[in-house]
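Novice: I'll drop the sequence and a predicted model, then ask my questions.
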Amino acid sequence: IQLTQSPSLLSASVGDRVTLSCKGSQNINNYLAWYQQKLGEAPKLLIYNTNSLQTGIPSRFSGSGSGTQYSLKINSLQSEDVSIYFCQQNYDSPLTFGSGTKLEIK
Amino acid sequence: EVQLVESGGGLVQPGRSMKLSCAASGFTFNNYDMAWVCQAPKKGLEWVATISYDGSSTYYRDSVKGRFTISRDNAKSSLYLQMNSLKSEDTATYYCARHRGSSNWFAYWGQGTLVTVSS
């Protein structure tokens, strides 16, 4: 299953609400997660099962979607949110990731 | 605190072998499935292999089947990846990752070890 993320680059201001998208090549039945990877660091799980917040992740992060279309929303963007965000599907093997959205601060 | 520390990466010639290790601490290792995930330079993430909590089941992506072997030693809280017949396209940072419970989400990751396959 291929995951297509858009946009590939997103530039926003501190305090903005941003939305990142992930589209599957087929229905993935909510088996979708989001990871954050800061420069030079390992990825961090943010959201799993489309909308479940991983322990310790700030509530400004939220996920939604169904079928083939999913999104990650960040409310009140903070400077520390500068990262690349990847989606991952767990519906079918092999487990696959999207190519990522790079989030920058204006 | 969950910690995963990879080791064993480096420069290796095409066709040769390399074994990666991951030392785990801060959790009951034999309760969790474990995985290797790789990331080629400036590229996205790619799942490589998963091993069940007791080592009885293993799963691989097609491109590494027959070349890579994932294994674990629960007595030593360690995960391994034996990589044989290495190709240039195997060049990547390899992350050790702990599954989230019995799911196929990756809740904890190590810092990664870089494998460069080049002559």
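Specialist: Arrived safely, thanks for sending. Residues are numbered from 1 along each chain as shown, chains lettered A, B, ... in the order given.
Novice: for stretch A:95-106, give me every contacting residue.
Specialist: For stretch A:95-106, the surrounding residues in contact (C-beta atoms under 8 Å, 6 or more residues apart in numbering or on different chains) are A:1-14, A:18, A:20, A:22, A:35, A:37, A:74, A:77, A:79, A:81-89, B:44-47, B:104. C-beta: built from backbone N, CA, C; applies to glycine.
Novice: restricted to buried residues, select the residues you listed in ChimeraX.
Specialist: Applying 16 or more other C-beta atoms under 10 Å in any protein chain shown to the contacts of stretch A:95-106, the buried members can be selected in ChimeraX as follows:
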select /A:1,3,5,10,12,18,20,22,35,37,74,77,81,83,84,85,86,87,88,89 /B:44,45,46,47,104
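Novice: near chain A, which residues of chain B? Just list them.
Specialist: With C-beta under 8 Å from any C-beta of the partner chain as the criterion, chain B meets chain A at residues B:44-47, B:59, B:61-62, B:95, B:100, B:103-107, B:109-112.
Novice: repeat the analysis, applying 7 Å as the threshold.
Specialist: B:44-47, B:59, B:61, B:95, B:100, B:103-107, B:109-112 (C-beta under 7 Å from any C-beta of the partner chain).
Novice: show me those that map onto strands.
Specialist: B:45-47, B:59, B:95, B:106-107, B:109 (DSSP state E).
Novice: quick revisit: among the residues of chain B next to chain A, name the buried ones.
Specialist: Neighbour-count burial (16+ other C-beta under 10 Å) applied to those gives B:44-47, B:59, B:61, B:95, B:100, B:104-107, B:109-110, B:112.
Novice: which residue ranges of chain B form strands?
Specialist: Using DSSP E, strands in chain B cover B:3-7, B:10-12, B:18-25, B:34-39, B:45-51, B:58-60, B:68-73, B:78-83, B:92-99, B:106-109, B:113-117.
Novice: looking at those, which is nearest to residue A:68?
Specialist: Closest approach to residue A:68 among the strands of chain B is made by strand B:45-51 (20.0 Å; C-beta to C-beta).
Novice: now the closest one, how far from the centre of its chain.
Specialist: The chain centroid and the centroid of strand B:45-51 are separated by 7 Å under C-alpha atoms, centre = their mean, to the nearest Å.
Novice: got the angle between it and strand B:34-39?
Specialist: 160 degrees (axes from the mean of the first three to the mean of the last three C-alpha atoms, to 10 degrees).
Novice: tell me how many other residues crowd the residue lying closest to residue B:106 once chain neighbours are set aside.
Specialist: Leaving aside its chain neighbours, residue B:106 sits nearest to residue B:97 (4.1 Å; criterion: C-beta to C-beta, 6 or more residues apart in numbering or on different chains). By other C-beta atoms under 10 Å in any protein chain shown, the residues close to residue B:97 number 27.
Novice: now do residue B:116
Specialist: Using other C-beta under 10 Å: residue B:116 sits among 15 other residues.
Novice: any idea how far the nearest residue to it once chain neighbours are set aside lies from residue B:98?
Specialist: Nearest residue to residue B:116 in three dimensions, chain neighbours excluded: residue B:11, at 4.9 Å (C-beta to C-beta, 6+ apart). Counting by C-beta to C-beta, to the nearest Å, the gap from residue B:11 to residue B:98 is 28 Å.
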